[in-house]
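The sequence and its predicted three-dimensional model are supplied below.
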Amino acid sequence: MAGKVYLVGAGPGDPDLLTIKAVKVLRSADVVLHDELVSPEVLQFASPAATIINVGKRCGRRHASQEEIHCLMIAYAGDGLTVVRLKGGDPLVFGRAGEEIEALRQAGIEFEVIPGVTAALAAAAAAGISLTDRRMASALLFTTAHSQADKPDARRSILQPFPGALLDSTLAVYMLGSHYSRLQGDLITAGLPPETPCLIVSAASTAEERIHLTTLDKLSAAPILPPPRILIAGQVARTARLSSHPETEARLVPG
Ligand code: SAH
């Protein structure tokens with residue numbers, strides 16, 4: 001009999017932010033295929049008997065290709081095993097789960113998705129801000145600074161048609177990359193005013209958490225905090241509680 005694949009959200013780093021269901025399936029898994037971002041503390045919930053494979057990639061270092069990940073999931077589940085495909089944050093937010101779900105469907109493998117706390121929510125919690133504070137924002141947009149190689153204009157085409165709507169929105173920008181000048185230009189071109197508050201949150205929910213507050217016009221000069229890092233742009237960022245690490249702090253200069 002075929003096994004089952006669980007697409008599980010590992011949350012932003014703090015193991016206490018795992019769901020009880022995630023912990024339950026991790027304990028019962030025969031195989032855990034995890035991304036680079038998943039913390040060792042989270043992996044400790046797996047059974048000592050489980051096969052644990054890091055299929056993630058980071059900084060260009062190659063682990064498994066997307067096709068290899070599909071093959072591993074299908075092969076292990078085909079052998080009747082319980083497979084946990086463990087991804088940072090929520091598996092359905094910038095996690096390539098769409099491709100994995102398609103591959104599992106085509107192979108006739110049963111699967112279940114277990115949500116996790118996505119980075120934008122952990123960043124907001126760290127900064128003590130409401131992403132949809134009704135006095136400042138009526139929409140929340142999850143987007144990325146990292147475009148697919150074959151679709152270089154994918155992000156722009158999302159942002160550009162709605163410049164008016166962006167004024168009333170909070171943007172959570174995942175996968176910031178290592179310099180912010182292009183992102184800064186793109187956000188200004190998309191219609192965000194230069195004085196828009198911008199919050200960069202690094203390693204949200206972990207002991208290494210750092211928060212830097214700036215404005216869009218100064219974004220390109222902001223410090224490159226250690227990865228993973230996310231940008232929260234919008235008026236709601238104005239009231240952020242900054243980290244206890246003064247060297248990375250910069251107070252918001254009134255626009
Ligand atoms: N599925 C994940 C996102 C994967 S893409 C989620 O739902 O959070 C990887 C990006 O997520 C990183 O480049 C970074 O932008 C963001 N990210 C993940 N964990 C983070 C953390 N603890 N703090 C800040 N950003 C994080």
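Now that the structure is in, tell me what you want to look at.

Tell me the residues of this structure that contact the ligand?
Residues of the chain that fall close to the ligand, judged by Cβ under 6 Å from any ligand atom: 12-13, 37, 87-90, 93-95, 118-119, 122-123, 174-176, 201, 203-205, 228-230. To be clear about C-beta, it is placed using only N, CA and C from the backbone, and glycine gets the same treatment.

hmm, 8 Å instead?
9, 12-13, 35, 37, 87-95, 116-120, 122-123, 144, 146, 173-176, 201-206, 209, 227-231 (Cβ under 8 Å from any ligand atom).

Buried among the residues you listed? Make that a PyMOL selection.
Selection of buried members from these for PyMOL, criterion 16 or more other Cβ atoms under 10 Å:
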select buried, resi 9+12+13+35+37+87+88+89+90+91+92+93+94+95+116+117+118+119+120+122+123+144+173+174+175+176+201+202+203+204+205+206+209+227+228+229+230+231
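
Mark which of the residues of the chain next to the ligand are part of strands, please.
9, 87, 144, 173, 174, 201, 202, 229, 230, 231 (DSSP state E).

so where do the helices sit in the stretch 101-250 of the chain?
Assigned by DSSP state H, counting those that start in this stretch, the stretch 101-250 of the chain shows helices spanning 119-127, 154-159, 163-167, 181-189.

Buried deepest among those helices, which one?
helix 119-127 (a mean of 24; mean count of other Cβ atoms under 10 Å).

looking just at contacts, which helices and strands does that helix meet?
Helix 119-127 is packed against strand 169-174, strand 197-202, strand 229-233, with contacts defined by 3 or more Cβ pairs under 8 Å, 6 or more residues apart in numbering; DSSP states H and E.

any chance of those strands in CSV, plus mean pLDDT and distance to residue 46?
CSV is the format used below for the helices and strands packed on helix 119-127 (pLDDT from 0 to 100; distance: least, Cβ to Cβ, whole Å):
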stretch, mean pLDDT, distance to residue 46
strand 169-174, 95, 26
strand 197-202, 96, 27
strand 229-233, 97, 26
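
Can I get those strands in TSV including distance to residue 139?
Formatted as TSV, these follow (distance: least, Cβ to Cβ, whole Å):
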stretch	distance to residue 139
strand 169-174	4
strand 197-202	16
strand 229-233	13
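
domain parsing for this structure?
If you go by automatic domain parsing, the domain ranges for the chain are 4-114, 119-249.

Not counting its neighbours along the chain, what's nearest residue 13?
With Cβ to Cβ, 6 or more residues apart in numbering as the criterion, residue 13 has its nearest non-adjacent residue at 4.0 Å, and that residue is residue 206.
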